[in-house]
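Peer 1: Okay, sequence plus prediction incoming.
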Amino acid sequence: PLPLPRLLWLNTGVLVLSSVALQCAVVAARKGQIDNVRLGLATAGFTTLAFLIGQLMAWRQLTGDGYLLASNPANSFFYLITGMHGLHILGGLVGLGRTSIGAWDGARPERLRLGVELCAMYWHFLLFVWLCIFALLAGWAATFIDICQRLLT
């Protein structure tokens, strides 16, 4: 079986920080605090880039240890799922970049607030998806199903 690199734990924490930073930007946008909006957007951008770099480092670690994409279906599944998640995050960075440009170029407050709220919603969703992926990869899915079955019976 494919071992879960410890780096993924750090990456998970970094992605949580990114989502928190965007939520702080939402609160600041609603209050009209443009400097705090900018800080939240910049923090989210940098932490998201750190997450993506961390994911690439985890891939490199795994391939260096001989866990190659084509070695077996489990490896292929890992690279496919984490790669697709990374691509969605890259897409989110495009939206975050546009919103950030608006924050520095003096976008109308209501337009900026909407952009920040949409980015945060997308980020929170991607965080939720990552937490589900991470739980699945860590082998917690069976435990979760057992807990749910006990609660329902």
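Peer 2: Received it, and whenever you're ready, just let me know what you need.
Peer 1: which helix is the longest one in the protein?
Peer 2: helix 73-105 (DSSP state H).
Peer 1: For it, name the packing helices and strands.
Peer 2: On a contact count with 3 or more Cβ pairs under 8 Å, 6 or more residues apart in numbering; DSSP states H and E, helix 73-105 meets helix 34-64, helix 109-138. C-beta here means a position set from N, CA and C on the backbone, and glycine is covered the same way.
Peer 1: average pLDDT across it?
Peer 2: In this model, helix 73-105 carries a mean pLDDT of 95.
Peer 1: tell me the angle of it relative to helix 34-64?
Peer 2: Relative orientation of helix 73-105 versus helix 34-64 (axes from the mean of the first three to the mean of the last three Cα atoms, to 10 degrees): 160 degrees.
Peer 1: Could you number the chain from 58 rather than 1 from now on?
Peer 2: Got it, the first residue is 58 from now on, which makes the last one we talked about helix 130-162.
Peer 1: Now helix 130-162: buried residues?
Peer 2: Applying a neighbour-count criterion of 16 or more other Cβ atoms under 10 Å, one finds 132, 135-136, 139, 142-143, 146, 149-150, 153, 156-157, 159-160 buried in helix 130-162.
Peer 1: angle of that helix against helix 166-195?
Peer 2: Helix 130-162 runs at 160 degrees relative to helix 166-195, counting by the same axes, to 10 degrees.
Peer 1: how far does helix 130-162 sit from the chain's center?
Peer 2: Offset of helix 130-162 from its chain centre (Cα atoms, centre = their mean, to the nearest Å): 8 Å.
Peer 1: cool, stretch 94-101 as well?
Peer 2: Relative to the chain's own centre, stretch 94-101 is displaced by 15 Å; criterion: Cα atoms, centre = their mean.
Peer 1: And for stretch 194-210?
Peer 2: On the basis of Cα atoms, centre = their mean, stretch 194-210 sits 24 Å off its chain's mean C-alpha point.
Peer 1: With stretch 69-84 instead?
Peer 2: Offset of stretch 69-84 from its chain centre (Cα atoms, centre = their mean): 9 Å.
Peer 1: hmm, which helix or strand of this protein has the shakiest average pLDDT?
Peer 2: Scoring the helices and strands of the chain by mean pLDDT, DSSP states H and E places helix 198-209 at the bottom, with a mean of 79.
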